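# Give me the fold of what follows.
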Amino acid sequence: MRLAATKKILPLALMMAFSAAGLAFASELDHHEFEATLHAPYTGDASAAADRKDARVFELTFNYPHVQAAQDVVWRLELVDPEGQVVEHWTGAERLFKKEVKTRVRWSGRGDASPLADGLYQARMRAVSVDAGEDTRGSLSEGAIDALLAEHGNEAIQQEWEISVGQQSVVEMPAFAPMQTMGVDGTHNAAAKVAATASLPYTVYFANLHSQTNHSDGGGVIGSCTGAQEPLVSPNGPSNAYAYAKGKGLDILMTSEHNHMYDGSSGTNTSASPATAKSLYQSGLTAAANYNAANPSFLAVYGLEWGVITNGGHLNIFNSPELLQWEVNSSGQLIGDTLTPKGDYAGLYTLMRQRGWIGQFNHPETTGQFLVNGVPLAYTADGDQAMVLCEVLNTSAFSNNTTETETGRSSFEGACKKALEAGYHVAFSSNQDNHCANWGASYGNRTAVLIPTGTALTMSSFIAALKARRVYATMDKNSQLVLTANGHIMGERFTNTGPLNLVANFANTTGKTVTSVVIYQGVPGRNGTVTQLATVANTTITPAAGQHFYYAKVTQSDGNSLWSAPIWVTQN
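Below is the predicted model:
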């Protein structure tokens, strides 16, 4: 569940007023949130007049579940040209309380007053929520809005999406035959035995590695589901989720249940039975194992989404056989198997490394999350061993869309870049965080997992692929992207001498072309800035001595993007 961290401090009187309620208020404190998304249509209105075909409507959506007082949301939307210059901008303020607020910005496109060159532009939004004073909607000046955004910069949410202005040239990509896939057309065939000709010896399995069922706050009935469910209440459990996802053509589904909800509460149920909570977790593992035994062409994964958002951060643990917990009942009994103190990410990473568990940073923010010694997304050697994925894109957690057309999407590439620069060896993933009973169906985005052709899809081969970082993130389930370097495949770490040839290998089975390709570079452990290396799919460089990482990002003609896993190079 994507819940952005804030630094709101509730008045003591308000906290005391809620103390009797206890359970609900604890949840609100842990999931204090402000959400902001931007929908920027990649192409304009094709039916418009010739000089207005680039016109479009940008949709800004703001939400703040559990907020205790009215908020003023201030925002700035910018149109940025290919050289990085802001060519148009809009600002605004919205009053927000309890209900979601949408605002639309109409751009008339190019014309005499806006003679923009053809190219890929960027729609960039920054938004922040502050406690409301007087009703200031429509009365804040642009200067006042910019001042508030600057003052609360560490809390601001930023979203960026590419848009096409004018005609785009098709980018020439290296010849690359699609790898074998399973289930992309909604069917599941017997495991492939032969690799695709003139391609790589892997089979691509499409996954959604972030979702919930009634073992926590998910599984809401389509039609009535508009948000998180009461824990352990909805009618849809893990077995329902696996069957639904398989029917929608997925190969892998992870149900990632909130670790602190196994007591049946979003807060702490002091009457909870540890035996009941632990039994529920074991029943989920059993449900996944039973489904896999009956459906060998599909992989059901059951695990934990650990942590809270406020002063925390959510992460998935893919292969824990036990319930990790910090809550205790009135008798002082841990409501789980193993104690993992809330907010102690360094300690959790160490436990995960010791036990061979691996994880994913879920919808990470650049500030306020995954703190170690007060530093967000701070590097630890144990964390580097344990964390293998970073969620670069997520569709709306509360979408009830079942036709893969959801427009509410959030990008977290900035935070993933920060993790890479900190020194984490993580690949990109793209998931849906489903809380409604539409597992994998809200959009066509997937996490693609590469398993050697001829190797069966099992929990063992899945975990091995994740540990090898043989994963790419895609907004199009019909597309593939693999970065190679001097014959090495993305996810690898190797030592190099002399020139380094980087190739972004792209394939699409429905005829989509590429309008943009970028190869990015960075330095692990530098804690600096990831930079653009090349805008061609095949480039040769001689890196400076030392450590480097590289990854590719491709944007298709329809605006959907793909991210390869990085490749890590130590240059002699």
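# just the helices in this structure please.
Using DSSP state H, the helices of the chain run over 12-19, 23-30, 142-151, 238-247, 274-294, 345-355, 381-386, 413-422, 459-467.
# Domain ranges for the protein, per the record?
Listed domain ranges for the chain are 34-165, 180-571 (source: automatic domain parsing).
# mind putting these in TSV, mean pLDDT included?
Shown next, in TSV, are the domains of the chain (pLDDT from 0 to 100):
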stretch	mean pLDDT
domain 34-165	89
domain 180-571	95
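# Can you say which of the ones you listed is nearest to E172?
domain 180-571 (7.3 Å; CB to CB). Every residue, glycine included, has its C-beta placed from N, CA and C.
# how distant is the closest one from the center of its chain?
Averaging C-alpha positions (CA atoms, centre = their mean, to the nearest Å) puts domain 180-571 8 Å from its chain's average.
# thinking again about what came up before, V171 is nearest to which of the domains of the chain?
domain 180-571 (4.4 Å).
# Give me the distance between P566 and F462.
Separation of P566 from F462 (CB to CB, to the nearest Å) stands at 20 Å.
# Looking at these two, which one has more neighbours?
P566 (29 against 22; other CB atoms under 10 Å).
# hey, which of the domains of the chain is tucked in deepest?
Most buried of those by mean neighbour count (mean count of other CB atoms under 10 Å) is domain 180-571; its value is a mean of 20.
# Between the two ends of that domain, how far is it?
Start-to-end span of domain 180-571 (CA to CA, to the nearest Å) is 33 Å.
# before we move on, the earlier item: quick one: which of the helices of the chain is nearest T555?
Among these, helix 413-422 sits nearest to T555 (CB to CB), with 12.4 Å.
# Now do that closest one: which elements does it pack against?
With contacts taken as 3 or more CB pairs under 8 Å, 6 or more residues apart in numbering; DSSP states H and E, helix 413-422 sits against strand 359-361, strand 387-395, strand 514-522.
# Pull the CA coordinates from the last one and hand them back as CSV.
The reference is to strand 514-522. Extracted in CSV, the C-alpha atoms of strand 514-522 (Å, rounded to 0.1, in the frame of the first residue of the first chain):
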residue,chain,number,x,y,z
VAL,A,514,10.7,2.8,-29.3
THR,A,515,10.7,6.5,-29.2
SER,A,516,13.3,6.9,-26.4
VAL,A,517,16.1,4.9,-25.0
VAL,A,518,18.5,6.1,-22.2
ILE,A,519,21.3,4.3,-20.6
TYR,A,520,22.0,5.6,-17.1
GLN,A,521,25.2,5.4,-15.0
GLY,A,522,26.1,5.8,-11.4
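# what angle sits between that strand and helix 413-422?
Counting by axes from the mean of the first three to the mean of the last three CA atoms, to 10 degrees, strand 514-522 lies at 30 degrees to helix 413-422.
# top strand in this structure by residue count?
Across the chain, the longest stretch assigned as strand under DSSP state E is strand 119-131.
# Can you name every helix or strand that that strand contacts?
In terms of contacts (3+ CB pairs under 8 Å, 6+ apart), strand 119-131 is packed against strand 35-39, strand 56-63, strand 71-80, helix 142-151, strand 157-165.
# Let's see that with 10 Å instead.
Strand 119-131 sits against strand 35-39, strand 56-63, strand 71-80, strand 86-96, strand 101-107, helix 142-151, strand 157-165, strand 514-522, with contacts defined as 3 or more CB pairs under 10 Å, 6 or more residues apart in numbering; DSSP states H and E.
# looking at the ones you listed, which is closest to E492?
Among the helices and strands packed on strand 119-131, the nearest to E492 by CB to CB is strand 514-522 (15.9 Å).
# Can you tell me the strand partners of the closest one and which way each runs?
Sheet partners assigned to strand 514-522 using DSSP bridges are listed as strand 531-534 (antiparallel), strand 546-556 (antiparallel).
# between it and strand 119-131, how many degrees?
Counting by the same axes, to 10 degrees, strand 514-522 points 60 degrees away from the direction of strand 119-131.
# going forward can the numbers begin at 19, since that is how I track them
Sure, I'll start counting at 19 from here, so that last one is strand 532-540.
# re earlier: same list (the helices and strands packed on strand 137-149) but as a markdown table, adding distance to Y139.
Shown next, in a markdown table, are the helices and strands packed on strand 137-149 (distance: least, CB to CB, whole Å):
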| stretch | distance to Y139 |
| --- | --- |
| strand 53-57 | 14 |
| strand 74-81 | 11 |
| strand 89-98 | 6 |
| strand 104-114 | 8 |
| strand 119-125 | 10 |
| helix 160-169 | 21 |
| strand 175-183 | 5 |
| strand 532-540 | 11 |
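# between these, which one is nearest to G509?
strand 532-540 (15.5 Å).
# Now do the contacts for the closest residue to A290 other than its chain neighbours.
Distance criterion CB to CB, 6 or more residues apart in numbering; nearest residue to A290, sequence neighbours excluded, is D281 at 3.5 Å. Going by CB atoms under 10 Å, 6 or more residues apart in numbering, D281 touches 41, 249-250, 287-292, 294-295, 298, 343, 345-347, 353-354.
# go on, S274?
19, 226-231, 233-234, 236, 319-324, 332-336, 378, 380, 449, 451.
# Same question for L56.
Listed by CB under 10 Å, 6+ apart, the contact set of L56 reads 76-79, 93, 95, 123, 141-145, 175-179, 425-429.
# That one and V319, how far apart?
Look at L56 and V319: by CB to CB, they are 31 Å apart.
# what do you get for T573?
30 Å.
# same check, this time on S582
S582 sits 23 Å away from V319, going by CB to CB.
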